[in-house]
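*Asks:* structure, please.
(2 chains)
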Number of protein chains: 2
Amino acid sequence: MALTMYQASAPRFVNTLKNLSAVLDKAQAHAEAKKIDPLVLTSSRLYPDMFALARQVQVACDTAKGAVARLAGVDVPKHEDTEQSIAELKARIDKTIAFIDGVKPAQIDGSEDKDLTIKLGPREVNWKGMQYLLGFALPNFYFHATTAYDILRHNGVELAKRDFIGNP
Amino acid sequence: MALTMYQASAPRFVNTLKNLSAVLDKAQAHAEAKKIDPLVLTSSRLYPDMFALARQVQVACDTAKGAVARLAGVDVPKHEDTEQSIAELKARIDKTIAFIDGVKPAQIDGSEDKDLTIKLGPREVNWKGMQYLLGFALPNFYFHATTAYDILRHNGVELAKRDFIGNP
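*Replies:* Residues are numbered from 1 along each chain as shown, chains lettered A, B, ... in the order given. Okay, the predicted model is just below:
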C-alpha cells in the first residue's frame, strides 16, 4: 500500500480527535470526583497569554477541518467558537469528525502539488499541498491537541501518553 | 511529486528539531537576561510525574532517530541521556539531525508495509511502517516537542507558535 495524502491526513486527524474527546471525558470525571467546576478546567491555560483549554480544542478542530477541506478543494465548514463546557467541546470534535468522515479519499489523493493560499493572521502564504499538510497542518494540529492534554495534566487530571496516542 | 515515506518522516523531524534548538536558544537568552540558572528551566516540568524539559527533548530526539532508523532498517544509534544544560541538549539535537541527514530517501521509501516490532515499555507491538510512522512516531514526536515548548512558555520564556512551526 502506498502512502497517500488521504492516509497522511484525514484518518490521522480523526484518530487524535477521538483520543482528545476521550481525554475530555477523563477531565469531566476528574472534575466531578474532585467537585471542581469543569469550566475551571476548560478556561485554564499554561500562561496568561496562551490559549485556554477550550480554545486549544477549537483550534485543533479548525486545523483538522481546514486541512481536509483545502486539500479536497471544498469549502471549510464554519463552526462558531462558542463552546465552554466539556460536553460542548466534545460536540465540536464530533462535528469536525463528521465533516472529515464525509470527505472521500479520492477527493484528497493527488493533492501533493496543489497550490494553496493560506491566511496566517494578516499575511497570506502560498504552499503546495504536501508542504502545507506535513509542514504546517499536522504539526499545528498536534501542537494544539498536545497543549490541551498538557493543560489538563498540569491541573492534575490523571492522563498518560497512551490517552493521547490511542490506538495507532 | 508523490508523497513518500521519506518525505513524511526525515525532513519533518529535522525541521521541528531545528525549531526546537532555536527555541532552546531563546530559553538560554531568557535565562541570562533574567539572571535565572538555565538548569531551572531544563529541570522544569508541568506536573510532578511528567518529564522535565531535558527529558522531553531527549525523548523527542529518540522518537525521531528511532523512526528513521527502523524505517530504514539500520541500527538505532544509542545516545546516553546525560544532558542537563541547554548547550548539551542542543548538541543532542545536532547529533540526532546528523544521523537523520545521513539516511538516504531510498533507504526509507517503500517502507509503508514493512513489518516492525516496537518495544513499548514491557510489551511489544507489531505495526506496519506506515501505521508506525503516522499513528505513533509523528504524534509522539510532536507531543514531546510541544511539551518542551509548553514548559518554557509556562516559565515565561517569550515564544510564539511560529517558533515551533518554523518555515514549513
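
*Asks:* nearest spatial neighbour of the most centrally placed residue in chain A, chain-adjacent residues omitted?
*Replies:* Nearest residue to the geometric centre of chain A (Cα atoms, centre = their mean): residue A:60, 2.6 Å. Nearest residue to residue A:60 in three dimensions, chain neighbours excluded: residue A:144, at 4.0 Å (Cβ to Cβ, 6 or more residues apart in numbering or on different chains). C-beta here means a position set from N, CA and C on the backbone, and glycine is covered the same way.

*Asks:* surely the one you found meets residue A:63?
*Replies:* Yes: Residue A:144 lies in contact with residue A:63 (Cβ atoms under 8 Å); the separation is 6.6 Å.

*Asks:* measure residue A:33 to chain B for me?
*Replies:* To chain B, residue A:33 is 17 Å away according to Cβ to the nearest Cβ, to the nearest Å.

*Asks:* what helix or strand is that residue on?
*Replies:* Assigned by DSSP states H and E, residue A:33 belongs to helix A:10-34.

*Asks:* what's the first helix or strand after that helix?
*Replies:* Next element after helix A:10-34 (DSSP H and E): helix A:38-42.

*Asks:* for that following helix, buried residues please.
*Replies:* Going by neighbour count (16 or more other Cβ atoms under 10 Å in any protein chain shown), the buried part of helix A:38-42 is A:38, A:41-42.

*Asks:* just say helix, strand or coil for residue A:118.
*Replies:* strand (DSSP: H, G, I helix; E, B strand; the rest coil).

*Asks:* relative to residue A:69, how far out is it?
*Replies:* With distances taken as Cβ to Cβ, to the nearest Å, residue A:118 is found 12 Å from residue A:69.

*Asks:* likewise residue A:136?
*Replies:* Distance from residue A:136 to residue A:69, by Cβ to Cβ: 14 Å.

*Asks:* of those two, who's got more company?
*Replies:* Comparing residue A:136 with residue A:69 by other Cβ atoms under 10 Å in any protein chain shown, the one with more neighbours is residue A:136, at 21 against 18.

*Asks:* let me see the confidence value for the nearest residue to that one once chain neighbours are set aside.
*Replies:* Spatially, and ignoring its direct neighbours in sequence, residue A:136 is nearest to residue B:168 (4.5 Å; Cβ to Cβ, 6+ apart). On the pLDDT scale, residue B:168 is placed at 84.

*Asks:* which residues does residue B:168 contact?
*Replies:* Taking Cβ atoms under 8 Å, 6 or more residues apart in numbering or on different chains as the contact definition, residue B:168 lies against A:127, A:131-132, A:134-136, B:15.

*Asks:* residue A:125 contacts residue A:117, doesn't it?
*Replies:* Yes: with contact defined as Cβ under 8 Å, residue A:125 counts as touching residue A:117 (7.3 Å).

*Asks:* when the two are compared, which one has more neighbours?
*Replies:* A direct count of neighbours by other Cβ under 10 Å for residue A:125 and residue A:117 places residue A:125 higher, at 14 against 10.

*Asks:* ok, the more buried one - contacts?
*Replies:* Contacts of residue A:125 by Cβ under 8 Å, 6+ apart are A:117-118.

*Asks:* where along chain A do the helices fall?
*Replies:* Remark: helices assigned in chain A by DSSP state H are A:10-34, A:38-42, A:53-72, A:86-101, A:105-108, A:129-131, A:138-154, A:161-165.

*Asks:* need these in TSV (columns: mean pLDDT).
*Replies:* Output for those, formatted as TSV (pLDDT from 0 to 100):
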stretch	mean pLDDT
helix A:10-34	98
helix A:38-42	98
helix A:53-72	98
helix A:86-101	98
helix A:105-108	98
helix A:129-131	98
helix A:138-154	98
helix A:161-165	96
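
*Asks:* so for stretch A:113-124, mean pLDDT?
*Replies:* On average, the pLDDT along stretch A:113-124 is 92.

*Asks:* give me the contacts around it.
*Replies:* A:70-71, A:73, A:125-130, A:132, A:136, B:1.

*Asks:* what's the end-to-end length of it?
*Replies:* Using Cα to Cα, to the nearest Å, the end-to-end distance of stretch A:113-124 comes to 18 Å.

*Asks:* chain center to it: distance?
*Replies:* 19 Å (Cα atoms, centre = their mean, to the nearest Å).

*Asks:* list the buried residues of that stretch.
*Replies:* Within stretch A:113-124, the residues scored as buried using 16+ other Cβ under 10 Å are A:114, A:116, A:118.

*Asks:* what of stretch A:99-118?
*Replies:* Neighbour-count burial for stretch A:99-118, counted by 16+ other Cβ under 10 Å, picks out A:99-100, A:103, A:107-109, A:111-112, A:114, A:116, A:118.
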